[in-house]
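Asks: Need the 3D shape of this:
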Amino acid sequence: MSVFFMKGTFSRHWLVPMLASAFWVSCASFLLAAGPTGERLPNFVIIYIDDMGYADIGPFGAKQYQTPNLDRMAAEGRKFTDFYVAQAVCGASRAALLTGCYPNRIGLLGAPGPGAKHGIHAEETTIAEVLQQRDYATAIFGKWHLGDARPFLPLQNGFDEYYGLPYSNDMWPFHPTAKHFPDLPLIAGNKVINPKVTPDDQRQLTVQYTEHAVDFIDRHHEQPFFLYVPHSMVHVPLYVSDRFAGKSGVGLFGDVMMEVDWSVGEILGALRRHKIESNTLVVFAADNGPWLSYGNHAGSAGPLREGKGTSWDGGTRVSCLMWQPGVVPANSVCREPAMTIDLLPTIAKRSGAALPARKIDGKNIWPLIAGVNGAKSPHEAYYYYWGHELQGVRSGRWSLHFPHNYRTLAGEPGKDGIPGPYKQGHTELALFDLQADIGQQTNLAESHPEVVARLKSLAAQARQELGDSATRQKGAGVREPGRI
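Replies: As a prediction, this is how the structure comes out:
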């Protein structure tokens, strides 16, 4: 502690209380940075990939290109095979991740575009705001998508730093099917620093997000921090830096995935360099499944049914890795269901922070992450909405889909950045055993009526709380989004 004096300003009678005050401020700062038993508070890093398919990384089956950093992350950490997002669309998925709420609860559905008049409500609490209670440094480098008006941007919602796009990288004048979009801005803090992002600018996004993330770790490695890196890739249009252009040998999508893997390696490497890897929980996941209509510019859902924009597992079930050497068991697998809404309460528990005052839907899944013997999902069920419609529920090994329409490819997918057409598919009431039938192909509803009845009862509870447009129910627990 340094004390500066100006001549004639202080007498020794003022010096003692001043030093005492400074001492207690210093003690308070130490206590905020320490856990309940005096150890240093853990850091948290979430890396969120846009539109990445379940089978797009090595640990989940990708073979056409290499993902060595993610392979190592899986070898040193824990693979979650049954990890879900709350809705299979950009904005709603991110809202759920950051608030611990189903997007239907907080009124943030779909993918709000440029100039949207709604966004995250000021009274909703993000992971960043939870951690600011404990004096964490917080930053987001990447895609936001919870509203682009100033009240909805990251700095007004718990983040100290922001660099990235306010929404999806295809919401610009070069969109292949909807050219009514305005110019795409790049934002730092609350300021637009590039009002007209070009294709050349997009080629640098993954590198720039990564450089900002590593710099943030370098600057804050001696204090608790929360780093959120929601990459713009691999959402179309696909762009990659010169370093990775053509490197995969299998086309642009493989090149972009290799650059994403490089980014993960840079971030984990920064943690190792500062020797804080054992005190940092890193979560790697996707915001939803692949946008299948883009063909060779889309990823793969592997064995899962359908993709982005549906409530089938190909849309909502994503590859997920969790890593904290010496804490999260190495080379292990969790097959219990879990969801992004569970990250906020888990992080709050680990940091000793209070949960939000408003009701949330997630629950602490630390026993699953830590590999506690016999640990089970704390949820009796998870619910899968598309927009306002409740379309599915999962409980344990069982997945029940209610009658609904969904989009599915109409023939061959598109190519080289031009999407192919969709058509409407339809399912009747269908029950699937996901342990035996990961692709959701065999309807067991007639042979297991007792399971159907139980899941219907759980769904009825969800409708009462969150609503359902298919049954014209308004949810008692639904809140309004922020509006301008």
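Asks: what about the helices in the stretch 1-150 of the chain?
Replies: Per DSSP state H, counting those that start in this stretch, the stretch 1-150 of the chain carries helices over the ranges 12-32, 68-76, 90-99, 103-106, 127-132.
Asks: what's the least confident stretch among the ones you listed?
Replies: Among the helices of the stretch 1-150 of the chain, helix 12-32 has the lowest mean pLDDT, at a mean of 39.
Asks: where do the strands sit along the stretch 301-450 of the chain?
Replies: Assigned by DSSP state E, counting those that start in this stretch, the stretch 301-450 of the chain shows strands spanning 317-323, 332-334, 338-339, 382-386, 389-395, 398-401, 404-409, 422-427, 430-433.
Asks: Run me through the strand neighbours of the third one, direction for each.
Replies: Looking back up the chat, that one is strand 338-339. strand 78-84 (parallel) (DSSP bridges).
Asks: now the partner strand against helix 68-76, angle please.
Replies: Computed by axes from the mean of the first three to the mean of the last three Cα atoms, to 10 degrees, the angle separating strand 78-84 from helix 68-76 equals 100 degrees.
Asks: quick check: angle from strand 78-84 to strand 382-386?
Replies: Using the same axes, to 10 degrees: strand 78-84 against strand 382-386 is 50 degrees.
Asks: neighbouring contacts of strand 78-84?
Replies: 59-60, 285, 316-323, 328-329, 332-340, 368-369, 371, 382, 384, 394, 434 (Cβ atoms under 8 Å, 6 or more residues apart in numbering). To be clear about C-beta, it is placed using only N, CA and C from the backbone, and glycine gets the same treatment.
Asks: Tell me where the stretch 51-200 of the chain is predicted with low confidence.
Replies: Scanning the stretch 51-200 of the chain for pLDDT under 70 picks out nothing.
Asks: Break down it into its strands, ranges please.
Replies: 78-84, 118-119, 137-141, 161-164, 186-188, 191-194.
Asks: pLDDT below threshold where in the stretch 301-450 of the chain?
Replies: Ranges of the stretch 301-450 of the chain meeting pLDDT under 70: none found.
Asks: quick one on the thing from earlier: which one of the strands of the stretch 51-200 of the chain is the most hemmed in?
Replies: Most buried of these, by mean neighbour count (mean count of other Cβ atoms under 10 Å): strand 137-141, with a mean of 26.
Asks: Quick one: list the elements packing against that one.
Replies: helix 127-132, strand 161-164, helix 205-220, strand 225-230 (3 or more Cβ pairs under 8 Å, 6 or more residues apart in numbering; DSSP states H and E).
Asks: what about 6 Å?
Replies: strand 161-164, helix 205-220, strand 225-230 (3 or more Cβ pairs under 6 Å, 6 or more residues apart in numbering; DSSP states H and E).
Asks: Nearest to residue 177, out of these?
Replies: helix 205-220 (21.7 Å; Cβ to Cβ).
Asks: other SSEs contacting that closest one?
Replies: By 3+ Cβ pairs under 6 Å, 6+ apart, helix 205-220 packs against strand 137-141, strand 225-230, helix 252-273.
Asks: Columns distance to residue 376 on top of these, output as CSV?
Replies: CSV is the format used below for these (distance: least, Cβ to Cβ, whole Å):
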stretch, distance to residue 376
strand 137-141, 32
strand 225-230, 28
helix 252-273, 29
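Asks: mind checking which of those is nearest residue 111?
Replies: Nearest of the helices and strands packed on helix 205-220 (Cβ to Cβ): strand 225-230, 13.3 Å.
Asks: just to revisit the earlier point, to residue 424, which of the helices and strands packed on helix 205-220 lies closest?
Replies: Here helix 252-273 is closest among those (Cβ to Cβ), at 26.9 Å.
Asks: could you point out which element follows that closest one?
Replies: strand 280-286 (DSSP states H and E).
Asks: before we move on, back to that, mind checking which of the strands of the stretch 301-450 of the chain is nearest residue 479?
Replies: Using Cβ to Cβ, the nearest of those to residue 479 is strand 382-386, at 15.2 Å.
Asks: how far off strand 317-323 does the closest one point, in degrees?
Replies: 130 degrees.
Asks: follow-up on the earlier one: for the strands of the stretch 51-200 of the chain, which one sits closest to residue 131?
Replies: strand 137-141 (6.2 Å).
Asks: how distant is that closest one from the center of its chain?
Replies: 14 Å (Cα atoms, centre = their mean, to the nearest Å).
Asks: that older thread, need the helices and strands packed on strand 137-141 in JSON lines (columns: distance to residue 101).
Replies: Listed next are the helices and strands packed on strand 137-141 as JSON lines, based on distance: least, Cβ to Cβ, whole Å:
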{"stretch": "strand 161-164", "distance to residue 101": "21"}
{"stretch": "helix 205-220", "distance to residue 101": "26"}
{"stretch": "strand 225-230", "distance to residue 101": "17"}
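Asks: and those, which is most packed in?
Replies: Note that of the helices and strands packed on strand 137-141, strand 225-230 is the most buried (mean count of other Cβ under 10 Å), with a mean of 26.
Asks: that older thread, please name whichever of the strands of the stretch 51-200 of the chain is nearest to residue 448.
Replies: strand 78-84 (19.5 Å).
Asks: chain center to the closest one, what's the gap?
Replies: 13 Å.
Asks: sorry, back to before: just tell me which of the helices and strands packed on helix 205-220 ends up closest to residue 475.
Replies: Closest of the helices and strands packed on helix 205-220 to residue 475 is strand 225-230, at 27.4 Å (criterion: Cβ to Cβ).
Asks: by contact count, what packs against the closest one?
Replies: Using 3+ Cβ pairs under 6 Å, 6+ apart, strand 225-230 is in contact with strand 43-49, strand 137-141, helix 205-220.
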